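Peer 1: What would the 3D arrangement of this be:
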Amino acid sequence: MRILLLIFLLSYCFVPSSSSQTYNAIFSFGDSISDTGNLCIAEKPSSLTVAQRPYGETFFGRPTCRCSDGRLVVDFLAEAFGLPLLPPSKSRGKNFQRGANMAIIGATSLDFAFFQSIGLGNKIRNSWVNGPLDTQIQWFEQLRSSICSTAKNCRSYLRNSLFVVGEFGGNDYNANVFSGRSPDVVRRYVPNVINAISNGVEKLINLGAVDLVVPGVLPIGCFPLYLTLFPSSNKGDYDQNGCLRRFNNLSTYHNSLLRQALARLQNKYPSTRIMYGDFYNQIMEMVQNPQKFGFRYPLRTCCGAGQGTYNYNKRERCGMSGASACPNPSSYLSWDGIHLTEAAYRYIANGWLRGPYCNPPILR
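Peer 2: Numbering: from 1, shown residues only. Down below sits the predicted model:
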């Protein structure tokens, strides 16, 4: 029995270095789940916790502005197709013909004007640094001339490239939740978020994208940050896994509407291949069956100040004085309370490549 379990784990965690299915490039859009360095180019790294140790310690041996101890999902996807790790789109002197990453920490799907209209303009930076989805698409358009020379060449090149669009939505909801609005109130803005994501995907299709992975949002009610900041004395507010129901209900509502929107786009553009990346159910499986993935602490953060049930303190976050990393990040699902470990991202990438957590799977 132990041998069978070992074989399963080895096959499940293995991400191939190459595949018979090839892509010219990967182009990524998103927020801190995907950023490989754009925010560190936009701001002074000395002011950013993600630019401090122990971020990046597992794979890179140094901080790279990735919000993890190592590689992200998009890194594992690039490796799977024999492509280089995607350079941040704001890098100077980089070759973007094999891919580029437009994602930036803090990105939203909705723009600054929307947040102003609902009284949250002070929660969103009104500059290119914020990089909402529309802005990231503009960054991509600015790069196109360095990727392909003519419109015809671009169409051909992009047809055989993979686009990863998101996740988007998490920061839209965070701006509301961290301003004191309940998940039930935030729920009213979900259709606006879905509409922005759908419009962004459609713009990329019209620019030549054919294969697109569009992820849903994560089960934020299982993350140490939310569990620490929004505790409840009512046991009924928690599910059987110890996660906060009201936050996970917000995530499932978003994901339900997103899948409906993607189905409409697939019907409208039958020559495209629009794949839904299921962050939510894959992470829930890790929470429910952590030992299956080698995790011992599904609801506790690896990098923290050693305080409380979940090892999260917003005043001593990972990268700040007083916080340190656990000796075995691969035993943890959460790296810093809101982002995942490299070990978790490896499993997720594999679930998207082969299924069942991408519909349809990336690998045909």
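Peer 1: pLDDT (mean, whole number) over stretch 77-85?
Peer 2: For stretch 77-85, mean pLDDT rounds to 98.
Peer 1: One more: stretch 268-288?
Peer 2: Average pLDDT, stretch 268-288: 98.
Peer 1: Buried residues in that stretch, which are they?
Peer 2: Residues of stretch 268-288 classed as buried by neighbour count (16 or more other CB atoms under 10 Å): 269, 272-280, 282-287. Backbone N, C-alpha and C define where each C-beta goes, glycine included.
Peer 1: what do you get for stretch 228-242?
Peer 2: Buried residues in stretch 228-242, defined by neighbour count with 16+ other CB under 10 Å: 228, 230, 238, 239.
Peer 1: With stretch 94-104 instead?
Peer 2: Under 16+ other CB under 10 Å, the buried positions of stretch 94-104 are 96, 98, 99, 100, 101, 102, 103, 104.
Peer 1: Switch those residues over to JSON lines, and while doing so, append distance to residue 39 and pLDDT to every line.
Peer 2: Output for these, formatted as JSON lines (distance: CB to CB, whole Å; pLDDT from 0 to 100):
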{"residue": "96", "distance to residue 39": "18", "pLDDT": "97"}
{"residue": "98", "distance to residue 39": "22", "pLDDT": "97"}
{"residue": "99", "distance to residue 39": "19", "pLDDT": "98"}
{"residue": "100", "distance to residue 39": "15", "pLDDT": "98"}
{"residue": "101", "distance to residue 39": "11", "pLDDT": "98"}
{"residue": "102", "distance to residue 39": "12", "pLDDT": "97"}
{"residue": "103", "distance to residue 39": "9", "pLDDT": "97"}
{"residue": "104", "distance to residue 39": "5", "pLDDT": "96"}
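Peer 1: related to what we said a few turns ago, so which of the buried residues of stretch 268-288 sit within helices?
Peer 2: 279, 280, 282, 283, 284, 285, 286, 287 (DSSP state H).
Peer 1: Adding distance to residue 31, write the residues you listed out as a markdown table.
Peer 2: Listed next are those as a markdown table, based on distance: CB to CB, whole Å:
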| residue | distance to residue 31 |
| --- | --- |
| 279 | 12 |
| 280 | 16 |
| 282 | 18 |
| 283 | 16 |
| 284 | 20 |
| 285 | 23 |
| 286 | 20 |
| 287 | 21 |
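Peer 1: if we take those, which one ends up nearest to residue 72?
Peer 2: Checking these against residue 72 by CB to CB gives residue 279 as the nearest, at 12.3 Å.
Peer 1: Name the nearest residue to the closest one, ignoring sequence neighbours.
Peer 2: residue 218 (4.8 Å; CB to CB, 6 or more residues apart in numbering).
Peer 1: doesn't residue 167 make contact with the one you found?
Peer 2: Yes: with contacts counted by CB atoms under 8 Å, residue 218 reaches residue 167, the gap being 7.1 Å.
Peer 1: quick revisit: tell me the one of the buried residues of stretch 228-242 nearest residue 171?
Peer 2: Closest to residue 171, out of all of the buried residues of stretch 228-242 and judged by CB to CB, is residue 230, at 16.9 Å.
Peer 1: Right, I'll call it a day here.
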